[in-house]
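Chemist: Dropping a prediction and its sequence here:
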Amino acid sequence: MCQRCGTPNDTVRGGHPWCGACGIYLIHDPEHGDWVSFAERDHRRRAADNQRRIAASADQVHRAMSAVHGRMPDGWHAVARQHISGALHTLDVEPAPAGVDAIAYLIPPTSGCRGWQVRVHNRTHRIDFPLYRDGGAQAASFDTACDALDAAIPALRVEIASTAHR
């Protein structure tokens with residue numbers, strides 16, 4: 001039965017079940033136990049994969065919290081956040097107040113990324129950039145959250161110091 005319109009799928013075209021009412025080929029979605037279009041099944045799979053990535057990022061960020069807290073400079077804070085619903089979780093590094101609104105986002109590895117990444121956001125001047133490795137135009141990747149933090153702290157200090165001279 002077509003999940004979209006409720007029509008029984010008793011027609012076959014090109015070797016696949018066909019819903020004449022909707023004009024779509026149907027495929028069985030074993031995770032939900034119903035017959036849907038190829039596009040709907042792919043959409044469901046992408047949505048499920050995205051939810052797994054979000055949950056994995058939350059887990060990694062919360063595990064990293066205790067490791068980075070002891071490495072923070074005086075007056076600095078690390079906060080676990082999900083900035084908007086449906087986004088990956090990040091570990092945000094907030095420096096002590098210095099007249100410049102800057103923050104670093106430590107982004108955990110997810111499918112497609114091999115390590116932690118760092119983005120520095122100077123909200124005073126509306127500048128946001130990833131950290132790069134020497135010798136290339138590819139964003140840096142760090143093995144652990146502590147390694148990412150060790151790179152984020154000097155980057156934030158440079159951003160704070162350079163903003164005072166702009």
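Modeler: It's in. The structure displayed is predicted, hence computed values, not measured ones.
Chemist: List the contacts of residue 96.
Modeler: Residue 96 makes contact with 73-76, according to CB atoms under 8 Å, 6 or more residues apart in numbering. Backbone N, C-alpha and C define where each C-beta goes, glycine included.
Chemist: give me that answer again for 10 Å
Modeler: 72-77, 160 (CB atoms under 10 Å, 6 or more residues apart in numbering).
Chemist: ok so it is a helix residue?
Modeler: No: with DSSP: H, G, I helix; E, B strand; the rest coil as the criterion, residue 96 is assigned coil and is not in a helix.
Chemist: Pull up the gap between residue 102 and residue 160, please.
Modeler: When distance is defined by CB to CB, to the nearest Å, residue 102 is 6 Å away from residue 160.
Chemist: try residue 61
Modeler: Relative to residue 160, residue 61 is positioned 24 Å away (CB to CB).
Chemist: Show me which of the contacts of residue 96 is closest to residue 18.
Modeler: residue 77 (58.2 Å; CB to CB).
Chemist: nearest spatial neighbour of that closest one, skipping sequence neighbours?
Modeler: residue 94 (4.7 Å; CB to CB, 6 or more residues apart in numbering).
Chemist: Next, the contact list for that neighbour, please.
Modeler: Residue 94 sits in contact with 72, 75-79, 101-104, 156, where contact means CB under 10 Å, 6+ apart.
Chemist: hmm, try it at 7 Å
Modeler: Remark: with contacts taken as CB atoms under 7 Å, 6 or more residues apart in numbering, residue 94 is in contact with 76-77, 79, 103.
Chemist: more neighbours, residue 61 and residue 160?
Modeler: Summary of the neighbour comparison: residue 61 and residue 160, criterion other CB atoms under 10 Å, with residue 61 having more neighbours (25 against 18).
Chemist: Need the three-state assignment for the more buried one.
Modeler: Under the three-state scheme (three-state DSSP), residue 61 adopts helix.
Chemist: separation between the residue nearest to residue 77 and residue 108?
Modeler: Spatial separation of residue 94 from residue 108 under the definition CB to CB is 18 Å.
Chemist: go on, residue 81?
Modeler: Distance, residue 81 to residue 108, by CB to CB: 12 Å.
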